[in-house]
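K.L.:
Need a 3D model of the sequence below.
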Amino acid sequence: MEYQVGILGGGPGGYVCALRAAQLGLSVILIEGERLGGTCLNRGCIPTKALVKSADLWREMGRAAEFGLFVSEKHVEYAAVIARKNQVVNSLVGGVEKLIKAANIRVVKGWGEFKALGQISVTTENGVEDISVENVVLATGSVPVRISIPGADLPGVGTSEEFLAETELPKRLVVIGGGVIGLEFASIYQAFGVQVSVVEMLPGLLPTVDEEIPKRLTPLLRRSGMEILIKTAVKGIRQRGGDLMVQVEEAKGVKEIPADRVLLSTGRRPNLRGIDVDSLGLELEKGAIKVNAQMQTNLLHVYAIGDVIGGIMLAHVASAEGIIAVEHIGGYSVSMSYRAIPSVIFMHPEIATVGSTEQELKTSGKLYSVSKFPFSANGKALALGESVGLVKILADNEGVIVGASIMGPQAGNLISELVIAVEKGLTAEDIARTVHAHPTLSEAIMEAAHGIGGKPLHLA
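P.N.:
Numbers count the residues shown, from 1 in each chain. From the prediction side, this is the model:
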């Protein structure tokens, strides 16, 4: 049998692509070497968010007296925290498996190889199976980058995937890399009382977000007790007795930071495992598969989606790309748009962004307006005891919202309103004149929108 669509990889790009293919009435086969859900569900987005919830709850318990609540006994059983994380992951994987089964999608568990057009070979526990496919969708994801420094392979040094299997908390953790993954883990571990040091080679944390956010975030983290080292290069890691010694070089010179565990969080790279790039003649760009707006590669009937194409390595982007790819296969006139892609950093405080940053607008030379509203002036935030942070909105010279950043409580949920605004070309006045419920955190968005064409109402 020849399938109309063969998908290599069952992560959030691959399995969503398969579900949409089934909805369109296409015959589809999905190949996955491990568990459905990919990195995001099994070793990324979901397990870390389960840990974030435990960390947030523990952090709030530490502040219970502020709310008139007194807890006599409390302690962390980190193995139980990890067990809950595993339970959440297993439940969601089971849910995806049920969806795939209900859609009558054939899943082959094994490692697929794509070496010739029209065929995928899969190594399963029963041997090798050759599968004929009319269209191939490559959704093989990414893998963590393991930097090549002395000592990177020592026991106790690992990537985020390895850290998610840890059942004991270290006393001291050094995080190499001040990006999204590194700061999320730093925030989780610090909440549980771990002494955390973050080492970043660049001049600031979170280099891809609006520059105002890390400028506000960095002093907050330092006041909380986290050591933040920027403009600092890691020279190597060595074992000294029972300690790991991380050697770093900053402006003042070279020093060593003692640690029990070291997290390597220096990004991810496209996973080309099983794809014979050279034999196929598949075109790459900076180590990633090159595609057009319909997710087509340079090869007829071969598409690629998700982390393997580089770009924005986020689960929801991969899912959207998977839908575009298979709808194009199904004959629809569609294109992938990256104008309004939300990004969320699940740390404390939470951060969410969409669209242009202020530094991008400055560099472009375009005229723009900026408005900010602090959560310290929002009634719901004060009631929650979460008044740190702000909403920042950027608009063009006609008042159309082109970008936004939120740092503060529930930023990841709040950003959706501004994602729609950027995607649909809404003006700040459109948002300002929309009635927002009171008391809610979303009122901070409305107030910031008022500030584009005038002044926020609840800010002196």
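
K.L.:
going forward, measure contacts between C-alpha atoms and count neighbours the same way
P.N.:
Fine.

K.L.:
in the longest strand belonging to the chain, what's buried?
P.N.:
The residue-count maximum for a strand in the chain (DSSP state E) belongs to strand 127-138. Across strand 127-138, burial judged by 16 or more other CA atoms under 10 Å covers 131-138.

K.L.:
what bridges to the closest residue to G310 other than its chain neighbours?
P.N.:
Excluding its sequence neighbours, the residue lying closest to G310 (CA to CA, 6 or more residues apart in numbering) is A288, at 5.3 Å. Bridge pairing for A288 (DSSP bridges) gives the partners E285.

K.L.:
how many neighbours does A288 have?
P.N.:
A288: 19 surrounding residues under other CA atoms under 10 Å.

K.L.:
residues touching it, list them.
P.N.:
270, 308-310 (CA atoms under 8 Å, 6 or more residues apart in numbering).

K.L.:
Most neighbours among those residues, please name it.
P.N.:
Neighbour max across the contacts of A288 (other CA under 10 Å) = I309, 30 neighbours.

K.L.:
Check what pLDDT that residue gets.
P.N.:
pLDDT, the model's per-residue confidence, is 98 for I309.

K.L.:
Please verify my assumption that G44 contacts E162.
P.N.:
No. Checked against CA atoms under 8 Å, the pair G44 and E162 is beyond contact range at 10.7 Å.

K.L.:
which of these two has more neighbours?
P.N.:
With neighbours defined as other CA under 10 Å, G44 and E162 compare such that G44 has more, 17 against 13.

K.L.:
which one is that one nearest to, not counting chain neighbours?
P.N.:
Using CA to CA, 6+ apart and skipping the chain neighbours, the partner closest in space to G44 is E161 (7.2 Å).

K.L.:
Around that neighbour, count how many other residues there are.
P.N.:
Using other CA under 10 Å, E161 has 17 neighbouring residues.

K.L.:
Give me the helices and strands touching the host helix or strand of it, please.
P.N.:
Using DSSP states H and E, the element containing E161 is helix 160-163. With contacts taken as 3 or more CA pairs under 8 Å, 6 or more residues apart in numbering; DSSP states H and E, helix 160-163 sits against strand 261-264.

K.L.:
what lines up beside the strand it packs on in the sheet?
P.N.:
Paired neighbours of strand 261-264 in the sheet (DSSP bridges): strand 157-158 (parallel), strand 172-176 (parallel).

K.L.:
And the pLDDT for V326?
P.N.:
98.

K.L.:
next one: the one 5 residues further on
P.N.:
The score at G331 is 96. That number is its pLDDT.

K.L.:
thought R273 was touching S142?
P.N.:
No. If you go by CA under 8 Å, R273 and S142 don't touch, sitting 9.6 Å apart.

K.L.:
More neighbours: the two, which one.
P.N.:
Neighbour tally, R273 and S142, criterion other CA under 10 Å: the higher count belongs to S142, 22 against 14.

K.L.:
all strands for the stretch 351-460 of the chain, in order.
P.N.:
Along the stretch 351-460 of the chain, counting by DSSP state E, counting those that start in this stretch, strands occupy 351-355, 368-374, 390-396, 401-407.

K.L.:
okay if I get those as a markdown table plus mean neighbour count?
P.N.:
Converted to a markdown table, the strands of the stretch 351-460 of the chain look like this (neighbours: other CA atoms under 10 Å):
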| stretch | mean neighbour count |
| --- | --- |
| strand 351-355 | 26 |
| strand 368-374 | 21 |
| strand 390-396 | 25 |
| strand 401-407 | 29 |
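
K.L.:
Which one, of the ones you listed, ends up nearest to A383?
P.N.:
Among the strands of the stretch 351-460 of the chain, the nearest to A383 by CA to CA is strand 368-374 (14.4 Å).

K.L.:
okay, the angle between that closest one and strand 401-407?
P.N.:
Calculated by axes from the mean of the first three to the mean of the last three CA atoms, to 10 degrees, strand 368-374 forms an angle of 30 degrees with strand 401-407.

K.L.:
nearest residue to E184 other than its sequence neighbours?
P.N.:
Once flanking residues are discounted, E184 sits nearest to M347: 4.9 Å by CA to CA, 6+ apart.

K.L.:
residue contacts, Q190?
P.N.:
196, 226.

K.L.:
On the three-state scheme, it is what?
P.N.:
Per DSSP: H, G, I helix; E, B strand; the rest coil, the local secondary structure of Q190 is helix.

K.L.:
Just the pLDDT at it, thanks.
P.N.:
Taking Q190 on its own, its pLDDT is 97.

K.L.:
what about V122, is that helix, strand or coil?
P.N.:
Going by three-state DSSP: V122 is strand.

K.L.:
Name all residues that make contact with it.
P.N.:
V122 makes contact with 31, 108, 110-113, 128-131, according to CA under 8 Å, 6+ apart.

K.L.:
what does E358 give?
P.N.:
E358 makes contact with 210-211, 394 under the criterion CA under 8 Å, 6+ apart.

K.L.:
could you pull out the helices for this protein?
P.N.:
Assigned by DSSP state H, the helices in the chain fall at 14-23, 38-43, 45-62, 78-102, 160-163, 180-191, 212-223, 277-280, 315-329, 358-364, 379-384, 411-424, 428-432, 443-453.

K.L.:
From the rest of the structure, what touches the first one?
P.N.:
In this case it means helix 14-23. For helix 14-23, contacts defined as CA under 8 Å, 6+ apart pick out 5, 7-9, 27-30, 36-37, 99-100, 103-105, 137-139, 305, 319, 322-323, 325-327, 330.

K.L.:
Show me the domain layout of the chain.
P.N.:
Per the record, the chain has its domains at 2-144+269-329, 157-266, 343-453, by automatic domain parsing.

K.L.:
The second one: end-to-end distance?
P.N.:
The first and last residues of domain 157-266 sit 13 Å apart, counting by CA to CA, to the nearest Å.

K.L.:
Make 2 the starting number, not 1.
P.N.:
All right, first residue 2 from here; so that's domain 158-267.

K.L.:
which among the contacts of helix 15-24 end up buried?
P.N.:
Among the contacts of helix 15-24, the ones that count as buried by 16+ other CA under 10 Å are 6, 8-10, 28-31, 37-38, 101, 104, 106, 138-140, 306, 320, 323-324, 326-328.
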